[in-house]
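Q: show me how the following folds:
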Amino acid sequence: MADNASEVLFYEPGSRMSAVALGPAFSLVALVIELFTGPVVHWFGLAMFAVILTGLVYVQVTAARRHVSVELTDAMLRQGTEEVPVDEIAEVFPESDDSAYEDEMEPWETARALGELSGVPRRRHSIGLRLTTGGLVRAWAKDDIALREALNQVMARRGEADSARDSERVSDD
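A: The predicted structure follows:
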């Protein structure tokens, strides 16, 4: 049985391994077309194309799964290769106004992106976080709405647990 602290509340893999099968699939389609339409079938060329494309896509998918995946548990937020303990998150900011000009941007919108990347990965959306150290960072996900909701649920549970601990301390005194 899984420990409650290790239960995955949100997960995005970064990329799917099924993309690796596209190279051989395209080669197979080209082979079928050549078999029915042409006098010459390029067996070697199509086989090499399938192998090369499969290798290149495999490298890309592996890198995406390592650097662009997102996982949230009750204890940890992992963004690519960087992990942030949930206890270090003090606040989850509301969504930003996408139509705002640069001078109207929220301070967290220019903060460092989590994940040891130079910025938020393409096709991902930012979520502003204030850390307990006072620093601002940007978490990110394709489904930023679901991640924001999961983060807010974790924060609410943590707040309830903190208030329960505080009330126990008061009753013990």
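
Q: can you tell me the centre-most residue of the chain?
A: residue 70 (3.1 Å; C-alpha atoms, centre = their mean).

Q: tell me the pLDDT at the nearest residue to that one once chain neighbours are set aside?
A: Nearest non-adjacent residue to residue 70, counting by C-beta to C-beta, 6 or more residues apart in numbering: residue 12, 4.4 Å away. All C-beta atoms are positioned from the backbone trio N, CA, C, and that covers glycine. pLDDT recorded at residue 12 is 95.

Q: what ranges do the strands span in this protein?
A: For the chain, strands defined by DSSP state E occupy the ranges 8-12, 70-73, 76-79, 82-85, 89-92, 112-113, 125-131, 136-141.

Q: does the residue nearest to residue 70 touch residue 64 like I think?
A: No. At 10.3 Å, residue 12 does not count as touching residue 64 under the criterion of C-beta atoms under 8 Å.

Q: residue ranges in this protein under the pLDDT threshold?
A: Scanning the chain for pLDDT under 70 picks out 1-5, 97-103, 162-173.

Q: at 50 what do you get?
A: 1-3 (pLDDT under 50).

Q: residue furthest from the geometric center of it?
A: Using C-alpha atoms, centre = their mean, the residue of the chain lying farthest from its centre is residue 39. It sits 48.0 Å away.

Q: list the buried residues for stretch 144-164?
A: Under the neighbour-count criterion of 16 or more other C-beta atoms under 10 Å, stretch 144-164 has 144, 147, 148, 150, 151, 154, 155 buried.

Q: my bad, should have said stretch 104-119
A: Buried residues in stretch 104-119, counted by 16+ other C-beta under 10 Å: 106, 108, 109, 111, 113, 114, 115, 117.

Q: any idea how far the third one lies from residue 122?
A: Same thing as residue 109. From residue 109 across to residue 122, the span is 17 Å (C-beta to C-beta, to the nearest Å).

Q: repeat that for the fourth one.
A: Going from residue 111 to residue 122 by C-beta to C-beta gives 18 Å.

Q: same thing with the second one?
A: To residue 122, residue 108 is 20 Å away according to C-beta to C-beta.
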